[in-house]
Each structure stands twice: as structure tokens, then as C-alpha cells.
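S.K.: sequence and predicted structure below; questions after.
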Amino acid sequence: MSVSKILVVDDDVTFCMMLETLLRKHDYEVAHSYTYADGRKKLADFNPDIVLTDLRLPDHDGLEILQLVKRDVPEVPVILMTSYGDIRTAVRAMKMGAFDYVTKPVNPDEILSTVQRAVNSRNKASTEVNLQVSEESYIEGVSDASLKILEHTTLVAPTGMSVLIMGESGTGKEFVARRIHALSQRSDKPFVAIDCGALPRDLAGSELFGHMKGAFTGAIADKQGQFEVANGGTIFLDEIGNLSYDIQIQLLRAIQERKIRRVGSTVEIQVDVRIITATNEDLKQAVLRGDFREDLYHRINEFAIQVAPLRDRPEDMLMFARHFLAQANKELLRDVDGFAPDVMQIFKRYSWPGNLRELRNIIKRAVLLSKGPVITAGTLPDELTAEADASAIVQPVEKGPVDEKPAEDIDLRETSRRSERELIITTLEKVRFNKSKAAKLLNVDRKTLYNKMKQYGIPLQ
Ligand SMILES: Nc1ncnc2c1ncn2[C@@H]1O[C@H](COP(=O)(O)OP(=O)(O)OP(=O)(O)O)[C@@H](O)[C@H]1O
């Protein structure tokens, strides 16, 4: 196999050099750019197989590099490097079609394993094997929300109904889709996953339905679309809300009449494909806005499954954490045995905007950094512990069993917010608004106290 070419875009010169040396040592061919403008040029001149970009560049942000790649060379995986404070942007990047993100400071083993996964995914894509049967095992979870998903997937799997899976990014929607396929009568036929968010508008038709030689510039040969590839099996359309109106019409036809037509052809091809779709936006709103066709919405929504965010199902935390720990140990050839009790408490208090994907990444990173037999709070990013600390002001770390059920009731939350505010005010008054002393008494750091004061509208005076 030929050497993979990697373009690194980052304005930190020393970091770029370090990364280059590391990647070269592992037989990658590397080019670097310190700016968006140069990155854009190298994208054309160097023709990389993979792009690694920082989220903050002096002249633009890294998301624009991602957009550029998705527009011009959508098959090239983009890995984003972010500081932990940018996690929400990283989540947005995933929605826009990024392959994955790694958090800075970048750990050599972590970056190498992510790059290797990207190389593997490219090799799969280029040989048109988009079937990607998951190597990871499926965890069912124990929360009520997970049990409901289990019940619904088992019920709907054998029916052939179209399923719409809703949930935030990283909650496991694609895993649920694969599960439905695996439990259906189509399980020995292809499962084809397509990220509609990463499909360039003008190529979406050809990617889904195929094209004929000469149909447009660049169509140098006839090409099967993914509907034909998936024939007999299941097609999973992730981020369905991103399809253009035009493609929505063609998709509706494919579902209603079970026929597709390649771009540039008049011949209709019969296809038998089950449709599973996913979205993390409110499609009903998109219908009301006129961005998504109502008839298509009803077609894809014969059965809906809601996947809850991780923060709303803390009962699942321990199981997933253990699963990702075992996975990380295997991938990194380590033998970390478990989690210190305060780590599980931090996990349960953190808001997990990136959901299971974020938990997986955090644990992998912690395994890399661990020196002892268990993962300790010191191996977690500061932002994560700070956010968890902030929400713990009136909920001191419990010593109880790690998987006990925390309060979920909305009123209870509201009450605890109110008493948290009162506690902060009383403490501040007691120490005459000396923030350092107040922070000490409340057992949080000053930054957390400031954030809380801002959040509750307490004057900083
Ligand atoms: N049930 C599960 N068992 C084990 N791992 C899971 C499960 N669900 C999700 N994961 C882990 O979380 C990662 C993200 O899941 P997945 O890609 O299915 O999320 P998603 O909701 O489709 O995300 P996006 O909306 O960003 O496409 C997976 O790669 C896997 O590592």
C-alpha cells in the first residue's frame, strides 16, 4: 500500500515540527501549513489523504478548512485538534463531517491511533466497502431510557418499517441503526451508512443514486450509487435534515416507488432498501420552516426512537465507562483496572455535550496518562473537573455506591439551584465578599466561584 500523506494545519510552529517528526517516524509523508490560506493551497498541491487541523488559525478558523475539504475532496478525513475549552465547537465539527477530534495537549499515541483509524476508513472507502460492520460491541445500558431503546429496537427490527432516530450528537444513533439492521432479516445484506452532513450539495445525487459516464464534469465512468450498493439491506442516512430539497424529492420517490435513476440516465432501477435516518435537530420545526418536506418526514418517521443525552441517564455511566476502559486498554495495550470513586462522581456531574463519543475519548486519554492501576481525577481535563465542581457546590461528593440513582426531577434541580445561590450569597456575606475565602469555604476554586456568581447574577463587587 502506498504511503499516506498527511497535511497538518496549525500556527504553532514548534508543535507542527513535533507532529511532523512523529508522523514521519511512523512512515507518513507530511506537509504543514501555518495558515488557512496556505492550507488551502497545499490541499490542492500536496493532495493529502488526511488533514489534521487546529481549530484556531490566525487568518480563519479550522472549521473553514473542514468545510473546504468537505466541499472539494469529501473523501479526505479531517481530524481536528482542539483545546478542551472548545469541546462544543468540536461537537459542531463532528456534525459538519469531521472524522474525529483530539484534545490538546496532543498525546503521541492518541494522535497516531486516530490517524491510523482515519487511514483505515479511507482504505475502506476507496475500495467501496462502505459496509463497516462495527468492530465495537454494543452496550445496552441499564437506565429506563436505554431499556426503552432496547425494547423499541427489538420490536421494530424485524418489521422493515422506516425508523427515525433522534438524539444529540454522539449519543449512539448510528449504533442503534446498526443494531436494528443486525436484528432484522436483512442482517446478511449490506448496511450502508451515509453522513448527509458531509455530502457536498452538488454531489449528493450522484453519491446516493449513482451517475452515468459524462453526466457532469468529472463523471469519467458509470458509478453505482449507495442505494444500489445497499440493495437488499439497509441504508442509514445520518443528519437527514441536511439534504437539499431536490434530493428530498428523489429520496421520497426511492422510498415510495422503490425505484431510483442514476444522474444522467433515463433508466429506472428497482431497489429494495430499508431506510433508517437520524437527526439531531427538530425535524418538525424544519418542516414548519419549509426546509424539510412534510411528506418525506412522514415516510421516514414510521417509527421514531429517541436516544437520550448521557447527562440524562447517569445510571448508564458506569457501564459505558467500563466498556470504554476495556476498549482503551485493548487499543493501547494497557492494563488500567478501574476508576477512583471521585472520577465517577465527576463523570456524573459533568454535562457531556459530546455524549458517549466524548466519554470514550476522555477515557482513552485518561488511560494514556494513567501511571497507577486506576484512573484518577488528575488524568481528566481541568475543564471537566471544574464544571463538575461547579455543579457540586451544594452536592458534596457522596461516598455511596457509584451507580446509585441521582435526583432527576426538574423541581428538585430548580430547588437545588436556588439553594446553591443562597449558599453562595450567605458565604460571601460571611467573609465580606472576599472571593478567595468564600471559594475555600465552599470547596471550589475561584474561577468556579466567579462563574457561578455570574450565572446567578450575583454582583462581583
Ligand atoms: N450502545 C453503544 N455501545 C457501545 N458504544 C457505543 C454505543 N453507542 C455509542 N457508542 C460509542 O459512541 C460513539 C458515538 O456513537 P454514534 O456514532 O453511534 O453516535 P451518533 O449519535 O450517531 O453521533 P453523530 O450524531 O455525531 O453522528 C461510537 O463510536 C461508540 O464508540
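M.R.: Sure, I can see it. Numbering: from 1, shown residues only.
S.K.: ok, the closest residue to the ligand within the stretch 101-250 of the chain to Thr448 distance?
M.R.: Residue nearest to the ligand within the stretch 101-250 of the chain (CB to the nearest ligand atom): Gly172, separated by 2.6 Å. (Each C-beta comes from the backbone N, C-alpha and C, glycine too.) Separation of Gly172 from Thr448 (CB to CB, to the nearest Å): 30 Å.
S.K.: point out the residues in the stretch 201-350 of the chain that sit beside the ligand.
M.R.: Within the stretch 201-350 of the chain, the positions near the ligand by CB under 6 Å from any ligand atom are Asp238, Ala278, Asn280, His323.
S.K.: same thing with the stretch 351-461 of the chain?
M.R.: Selection of the stretch 351-461 of the chain residues close to the ligand by CB under 6 Å from any ligand atom yields Leu356, Arg357, Arg360.
S.K.: wait, doesn't the first one sit right on Gly172?
M.R.: Right, the one you point to is Leu356. Yes - with contact defined as CB atoms under 8 Å, Leu356 counts as touching Gly172 (5.3 Å).
S.K.: ok, Phe324 touching Lys364?
M.R.: Yes - applying CB under 8 Å, one finds Phe324 in contact with Lys364, separated by 7.1 Å.
S.K.: quick one, which of these two is more surrounded?
M.R.: A side-by-side neighbour count of Phe324 and Lys364, using other CB atoms under 10 Å, places Lys364 first with 24 against 21.
S.K.: ok so the more buried one is a helix residue?
M.R.: Yes - under DSSP: H, G, I helix; E, B strand; the rest coil, Lys364 falls within a helix.
S.K.: what helix or strand is the residue nearest to it when sequence neighbours are not counted located in?
M.R.: Counting by CB to CB, 6 or more residues apart in numbering, the nearest residue to Lys364 once its immediate chain neighbours are dropped is Ala328, at 4.3 Å. Using DSSP states H and E, the element containing Ala328 is helix 317-332.
S.K.: now that helix: buried residues?
M.R.: Within helix 317-332, the residues scored as buried using 16 or more other CB atoms under 10 Å are 317-321, 323-325, 327-329, 331-332.
S.K.: now render those as JSON lines, adding pLDDT.
M.R.: Below are these laid out as JSON lines (pLDDT from 0 to 100):
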{"residue": "Met317", "pLDDT": "90"}
{"residue": "Leu318", "pLDDT": "86"}
{"residue": "Met319", "pLDDT": "86"}
{"residue": "Phe320", "pLDDT": "93"}
{"residue": "Ala321", "pLDDT": "93"}
{"residue": "His323", "pLDDT": "92"}
{"residue": "Phe324", "pLDDT": "94"}
{"residue": "Leu325", "pLDDT": "94"}
{"residue": "Gln327", "pLDDT": "91"}
{"residue": "Ala328", "pLDDT": "92"}
{"residue": "Asn329", "pLDDT": "92"}
{"residue": "Glu331", "pLDDT": "86"}
{"residue": "Leu332", "pLDDT": "87"}
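S.K.: who wins for neighbours among the residues of the stretch 351-461 of the chain next to the ligand?
M.R.: Leu356 (23 neighbours).
S.K.: that one: what secondary structure?
M.R.: Leu356 is classified as helix under three-state DSSP.
S.K.: residues contacting it?
M.R.: Leu356 makes contacts with Gly170, Thr171, Gly172, Leu310, Phe320, as judged by CB atoms under 8 Å, 6 or more residues apart in numbering.
S.K.: what of Ala308?
M.R.: By CB under 8 Å, 6+ apart, the contact list for Ala308 reads Ser143, Ala145, Ser146, Gly167, Thr171.
S.K.: grab the nearest non-local neighbour of the fourth one.
M.R.: Yep, that's Gly167 we're talking about. Val307 (3.3 Å).
S.K.: distance of the one you found from Glu174?
M.R.: Per CB to CB, Val307 is found 10 Å from Glu174.
S.K.: of these two, which one has the most company?
M.R.: More crowded of Val307 and Glu174, by other CB under 10 Å: Val307, with 24 against 19.
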